[in-house]
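> Kindly return the folded structure for what I paste below:
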Amino acid sequence: MKAKFVRPLVTQVEAEKHLALKRHFFPRASKQLKKVELIYLPYFWAKLETEFKGKRETLTVAVDGIEGVAAFPKTDFVRFEEGGKTGRIPFFLREREAESAAFTAARHFSLQVGIRQKLPLKLVRFLSLERMYYPFWVGYYGSRKGFSFKALDAVSGAIQGAKMKQVFAEAIKILQQLQSL
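Residues are numbered from 1 along each chain as shown. The predicted model follows:
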């Protein structure tokens, strides 16, 4: 299965502005942005057919190809481009594991919708599984106390939270290993 690449919409200049830390208190304690780089995380995009109030729709679940963390992406702005990009990380998760993670996340989502709406969201069937690389800008910070990083979605411009921190830490470690070969 060949992987697609999602085209980044956020430029490096915009990413640097978003990732620049500005502290209003204790300015000496703030970490400085040392470097910003674009990395491509491996993702499986699963499509499942759902039924809600008699209407059938497609639900997309993105499962990262490193740790298996699932999310529900907004696919409105996603555009694809040719492969061969640098800064990409290989897939570590198997397709069966990705399908399982996607189905589990969709099942939890359907339960939440059912509780809120007092009507069940039914998962009808699994439609497809696609491999793709999704872009993120990673900002590296340094101070006297050490280094840290922050990740920015290169399509939506959203800063990534704690749920994805471990995935990015693992991705950065893998990239360093690949670059040292």
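
> which residues of the protein fall in strands?
Secondary structure of the chain (DSSP state E): strands located at 4-6, 32-52, 55-64, 70-71, 80-81, 122-143, 146-153.

> Which strands and helices lie in contact with the second one?
Right, the one you point to is strand 32-52. If contacts are counted by 3 or more C-beta pairs under 8 Å, 6 or more residues apart in numbering; DSSP states H and E, strand 32-52 sits against helix 12-19, strand 55-64, helix 95-117, strand 122-143, helix 162-180. Using the backbone N, CA and C atoms, a C-beta is placed for each residue, glycine as well.

> same thing with the first one?
Counting contacts by 3+ C-beta pairs under 8 Å, 6+ apart, strand 4-6 packs against strand 80-81, strand 122-143.

> got the contact list for the first one?
Right, strand 80-81. For strand 80-81, contacts defined as C-beta atoms under 8 Å, 6 or more residues apart in numbering pick out 4-7, 132.

> Which one of those residues sits in the busiest neighbourhood?
In terms of neighbours by other C-beta atoms under 10 Å, the contacts of strand 80-81 top out with V6 at 22 neighbours.

> if we look at the sheet, which residues does the residue nearest to it when sequence neighbours are not counted bridge to?
Counting by C-beta to C-beta, 6 or more residues apart in numbering, V6 lies nearest to Y134, which is 5.0 Å off, once chain neighbours are set aside. Assessed by DSSP bridges, Y134 has beta-bridge partners L41.
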